[in-house]
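Chemist: build the 3D model from these lines:
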Amino acid sequence: MIVVGLTGSIGMGKSTTATMFADEGIPVYDADAAVHALYAKGGAAVDPIGQLVPEAIVEGAVDRDVLRKAVFDDDTLLQRIEMAVHPLLKDSRRDFFTENLKAPIVLLDIPLLFETGGDKSVHKIVVVTAPPDVQRERVLARPEMTADRFEAILAKQTPDAEKRARADFVIDTGKGLDAARMSVHVIVSMLRGEADI
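Modeler: Predicted structure coming up:
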């Protein structure tokens, strides 16, 4: 099995690109979706997060906006949250691998692949990129996003240039959906060729 890590900074088009890999028949593990499930009512992360940030628990679920504000206001909080949530994410990732044991290629869609050291546990890395002006325009179009918040998020992420330098494959989503889809197709074809060896 070839394990591919997909990553990219905020607003680069990573989720759309992950869907393109799924359309090519590649099983995709979505770390963001896994976190959403953990934060939902009855999710395994609700109690641990509640112990760290009690006000972030609203109607039995983690309110991500409240949590985000708390992280923004406390430099030490993110690391403590990650220490609580990452073991739970490992469980969901293990379940994904169990379900896809016979797949020749799987893709892990992990926003903070480099920041969490996840790049060491994959065989290939795909980085999604776009020009800075395109990235900024996409992110600032999101509801409740501000320029300050965007800059704060960028400051916590590995710079785009460094991600591209460490990638096996780079997909530029600034060239449009068709170009990105073609890049995905070419990458999947190459990986299938390697998986057959």
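Chemist: show me where the chain has its helices.
Modeler: For the chain, the helices defined by DSSP state H occupy 14-23, 31-39, 46-52, 64-73, 77-99, 132-140, 147-156, 160-165, 177-196.
Chemist: which one of those helices lies closest to residue 121?
Modeler: Closest to residue 121 of those, according to C-beta to C-beta: helix 77-99, at 9.4 Å. Every C-beta, even on glycine, is put in place using the N, C-alpha and C of the backbone.
Chemist: shaky segments in the protein?
Modeler: When residues are selected by pLDDT under 70, those of the chain lie in 197.
Chemist: related to what we said a few turns ago, to residue 109, which of the helices of the chain lies closest?
Modeler: Distance to residue 109, taken as C-beta to C-beta, is lowest for helix 14-23 among the helices of the chain, at 4.3 Å.
Chemist: tell me how far stretch 2-12 lies from the chain's centre.
Modeler: 6 Å (C-alpha atoms, centre = their mean, to the nearest Å).
Chemist: flag every buried residue along it.
Modeler: Within stretch 2-12, the residues that count as buried by 16 or more other C-beta atoms under 10 Å are 2, 4, 5, 6, 7, 8, 9, 10, 11, 12.
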